[in-house]
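Visitor: need a 3D model of the sequence below.
(chains A and B)
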Amino acid sequence: MKKLLLASAASALMASGALAEEIKLGIIFGFTGPIESLTPAMADGAELAMKEVSDSGKFLGGSTVTPVRADSTCIDAGAATAAAERLVTSDGVAAIVGADCSGVTGAILANVAVPNGIVMISPSATSPGLSTAEDNGLFFRTAPSDARQGVVMAEILLEQGVKSVAVTYTNNDYGKGLADAFQAAYEERGGSVTINAAHEDGKADYSAEVGALAAAGGDRLVVAGYVDQGGSGIVRAALDAGAFDTFHFPDGMIGTKLEENFGDEIDGSTGQHPGTDSPGAAMFQELAGDAFDATSPFSPESYDAAALILLAMQAAGSSDSQVFKDKVMDVANAPGEKIYPGELAKALDILASGGDIDYVGASAVELIGPGESAGNYRQIVIEGGKVTTAKYR
Amino acid sequence: MDFLNAIVALANYLLIPGLAYGSQLALGALGVTLVYGILRFSNFAHGDTMAFGAMVTILVTWWLQSLGISIAPLPTALLAMPFGILATAALLLATDRVVYRFYRRVKAKPVVLVMASLGVMFIMNGLVRFIIGPDDQRFADGARFIIKARDFKAWSGLSEGLALRTSQVITIVTAVVVVAALFWFLNKTRTGKSMRAFSDNEDLALLSGINPERVVMYTWLIVAALVTVAGVLYGLDKSFKPFTYFQLLLPIFASAIVGGLGNPLGAIAGGFVIAFSEVTVTYAWKKVLTYLLPADWAPDGLVQLMSTDYKFAVSFAILVVVLLIKPTGLFKGQSV
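Guide: Take a look at the predicted model:
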């Protein structure tokens, strides 16, 4: 009897808010598969934003947001499509945070999001191919395209007066995409790439590869590889043979392993990786507290992806993807009041009263071109065997 | 000056790496050829046996390092190698007792033994990964260089550097010592002679009172020493990763077959033929040609016959050509 009373009281409360409803958001990440160690913190980041919005009570007339998780597997496009299909048709989600890896993201976008007209914001798909994918304005990402890193890399090298480089990349989509983007950007700005050669990961000996790179020459060697894999092997062989003294490292090569492996042997080398000195990152870590590791890669981007969806809904006054998809760019970019993590309630208020916001969030979001993050990069230089920050750009 | 630069560049990128790699292949191919000559099958488990020997040596090296024992400037691994050889010998003798002896007794066809060795390969593969994991392991210590590229440039005033690593010198010296010892053993000692007799004609050897099980045992002991030395040298010179030893199987077999299976001299020649063809075919000759040719003849392209990705294809191609034209190999061995 008591329960019944409570239930009816609750439903009466719910009914009192004119439009209040329960809005479901899909979270589709690879909870199993190659990046399963990253995805829990990503999902926690996204859910943190949803909880913040729900708890504020100011979202679309007191509506609440419920996350629904699904597994993208990161690599299996068929399984990811089926999982996304279930989210849309059986769970009835209003929008999707995800997916994570570029391949499955493209598959879900083409097979589920576009046919059903559902907005998707990915926090971590970085393939340049997604910039030109057919999306009817439904797809955004809070991660920068790898093509962007190529441009940044070219600018850094030319600023330092390096006019000719040799490039070696790890033989996969990431390495090739980045190397090609870099070569195009660098040559367009007047630099010259003497050789653009692949290397395979997991080999014991890279002296032959380094022989070819050395024969081509260049002021610096760009290593678009992985520090745990062949990238370090290439650097080792190049140093041993005396082929190159300084290197340039994109994101896959920068880590504590680089300092451990080479120390001051690579002094004077440069590099860049996604990173920001915006206060948002620290605020996000504080907000997350001990609940999860907020410094984990793409966790801040996930928070931002969920927040952008919800703020766009608020701005449009509707949770219908076809209506709020046009508002995503508006809430993400200037003009308007800057919004940091933990300030979503304030943002909801401003939007409800018809004001403008410029969502900065945890990863300093700035959406450009076809709705992807402009990306913020930390430019580094190796000094005394340590990776040190030169500046942020 | 340009001529000197060209010579130094060639030595730095072709000659020294080729010699070291060739020595490693030669030691590996010697083991394959011995097993083929005496036990009469192609041992596919060879690469992973190398990994096992190197793994035991690494574990002992770490133990010695933790005790503070070292023979600087030489790597501690040299001190640990005998332990590796003993453990590998025990493993090989145990494998022979459990697997190969049965097939010898039932006079199984060589192809059955080859398939059995494939099974052994997978087990050793798993064993090594189970004990030390699939990752890269670093165990080299002591002085890394005899000649550093930068120091050489400063000393000679040339624009090309020449690097000579300690591990490369150790590899070449050890290979020479081991090969000399092996040939002395095969040609001068009673046991060595009985092994050669057994290899030439099994029935005649049995008639003249040679104990086959003894010959087999000695063969495995020698193979254990060869694989461990080859595995450790490769690990010291490059890096230890179980998967790369599995990949080494192809160039090692190519070396043994090119030289002539069952012929120890051929295995050594084959090792160097394969090593130098892999290195020269994938080398970009632009720099050397620019030094040697008159300025306006200098090439624009890289003058690289094949991208380095196709390194393994070179050993494959040589293997196929030799099998087609001269199935017994360069030095008269048995045909496959």
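
Visitor: for burial, what's the neighbour tally of the residue in the stretch 151-300 of chain A positioned nearest to chain B?
Guide: Taking Cβ to the nearest Cβ as the measure, the stretch 151-300 of chain A has A:G242 as its residue closest to chain B, at 2.2 Å. No exception for glycine: its C-beta is placed from N, CA and C like everyone else's. Using other Cβ atoms under 10 Å in any protein chain shown, A:G242 has 21 other residues around it.

Visitor: for chain B, which residues are neighbours of chain A?
Guide: B:12-14, B:17, B:21, B:145, B:148-150, B:152-153, B:161-163, B:165, B:234, B:237-241, B:243-244, B:247, B:278-279, B:282-288, B:302, B:304, B:307-309, B:311 (Cβ under 8 Å from any Cβ of the partner chain).

Visitor: quick one: low-confidence ranges for the stretch 201-336 of chain B?
Guide: Where the stretch 201-336 of chain B drops to pLDDT under 70, the residues are B:334-336.

Visitor: ok, residue 47 - how many residues close by?
Guide: No chain was given, so I picked chain A. 22.

Visitor: can you look at chain B instead?
Guide: 29.

Visitor: likewise for the one 4 residues further on?
Guide: Neighbour count for B:A51, taken as other Cβ under 10 Å: 27.

Visitor: just the buried residues of the particular helix or strand that has it in it, please?
Guide: Using DSSP states H and E, B:A51 maps to helix B:46-67. Buried residues in helix B:46-67, counted by 16 or more other Cβ atoms under 10 Å in any protein chain shown: B:46-61, B:64.

Visitor: now do it: which elements does it pack against?
Guide: Applying 3 or more Cβ pairs under 8 Å, 6 or more residues apart in numbering or on different chains; DSSP states H and E, one finds that helix B:46-67 makes contact with helix B:16-34, helix B:77-95, helix B:110-132, helix B:212-237, helix B:242-259.

Visitor: please identify the most buried of these.
Guide: helix B:16-34 (a mean of 27; mean count of other Cβ atoms under 10 Å in any protein chain shown).

Visitor: wait, what's in contact with the one residue in chain B that gets nearest to chain A?
Guide: Going by Cβ to the nearest Cβ, chain A is nearest to B:A149 of chain B, at 2.2 Å. By Cβ atoms under 8 Å, 6 or more residues apart in numbering or on different chains, the contact set of B:A149 is A:240-243, B:12, B:161-163.

Visitor: in helices, which of these appear?
Guide: A:240-241 (DSSP state H).

Visitor: what about B:A154, how many residues nearby?
Guide: Counted with other Cβ under 10 Å, the neighbours of B:A154 add up to 11.

Visitor: quick one on the thing from earlier: so which of the contacts of B:A149 comes closest to B:V321?
Guide: B:N12 (29.3 Å; Cβ to Cβ).

Visitor: check contacts around the closest one.
Guide: A:241-242, B:149, B:160-163.

Visitor: and the residue nearest the centre of chain A, which helix or strand is it part of?
Guide: Most central in chain A under Cα atoms, centre = their mean is A:A143, positioned 2.7 Å from the mean C-alpha point. A:A143 is part of strand A:139-144, with elements assigned from DSSP H and E.

Visitor: CA atoms only for that strand - export them in PDB, please.
Guide: The C-alpha trace of strand A:139-144 is given here as PDB (Å, rounded to 0.1, in the frame of the first residue of the first chain):
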ATOM      1  CA  PHE A 139      28.000  13.300 -37.000                       C
ATOM      2  CA  PHE A 140      30.400  15.300 -34.900                       C
ATOM      3  CA  ARG A 141      33.600  14.400 -33.000                       C
ATOM      4  CA  THR A 142      35.400  16.000 -30.000                       C
ATOM      5  CA  ALA A 143      38.700  14.400 -31.200                       C
ATOM      6  CA  PRO A 144      40.700  16.000 -33.900                       C
END
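
Visitor: give me the phi and psi for A:V222.
Guide: phi -90, psi 120 (degrees, to the nearest 10).

Visitor: for it, the count of nearby residues, please.
Guide: Neighbours of A:V222 (other Cβ under 10 Å): 31.

Visitor: so it makes contact with A:A166?
Guide: Yes - between A:V222 and A:A166 there is a contact under Cβ atoms under 8 Å: 7.1 Å.

Visitor: looking only at pLDDT, what's the mean for stretch A:361-371?
Guide: Across stretch A:361-371, the average pLDDT comes to 88.

Visitor: next one: that stretch to chain centre, how far?
Guide: What separates the centre of stretch A:361-371 from the centre of its chain is 10 Å, taken as Cα atoms, centre = their mean, to the nearest Å.

Visitor: what's the local residue count around B:L4?
Guide: With other Cβ under 10 Å as criterion, B:L4 counts 14.

Visitor: which ones are touching it?
Guide: Per Cβ under 8 Å, 6+ apart, neighbours of B:L4: B:156, B:158.

Visitor: ok, 6 Å please
Guide: Residues near B:L4 by Cβ atoms under 6 Å, 6 or more residues apart in numbering or on different chains: B:L158.

Visitor: swap in A:F59?
Guide: A:53, A:348.

Visitor: kindly recompute the last result at 10 Å.
Guide: A:F59 sits next to A:20, A:23, A:50, A:52-53, A:65, A:310-311, A:313-314, A:319, A:344-345, A:348, A:351-352 when contact means Cβ atoms under 10 Å, 6 or more residues apart in numbering or on different chains.

Visitor: returning to that earlier point: hey, what's the angle from the helix holding B:A51 to helix B:77-95? Just curious.
Guide: Put simply, helix B:46-67 runs at 130 degrees to helix B:77-95, going by axes from the mean of the first three to the mean of the last three Cα atoms, to 10 degrees.

Visitor: average pLDDT for helix B:46-67, rounded please.
Guide: 95.

Visitor: repeat for stretch A:137-151
Guide: Here the average pLDDT along stretch A:137-151 is 90.

Visitor: tell me the confidence at the nearest residue to A:A243 once chain neighbours are set aside?
Guide: For A:A243, ignoring the flanking residues on the chain, the nearest one in space by Cβ to Cβ, 6 or more residues apart in numbering or on different chains is A:A214 at 3.6 Å. pLDDT for A:A214: 88.

Visitor: tell me how many other residues crowd A:A214.
Guide: Residues lying near A:A214 (other Cβ under 10 Å) number 28.

Visitor: what does B:L204 give?
Guide: Neighbours of B:L204 (other Cβ under 10 Å): 11.
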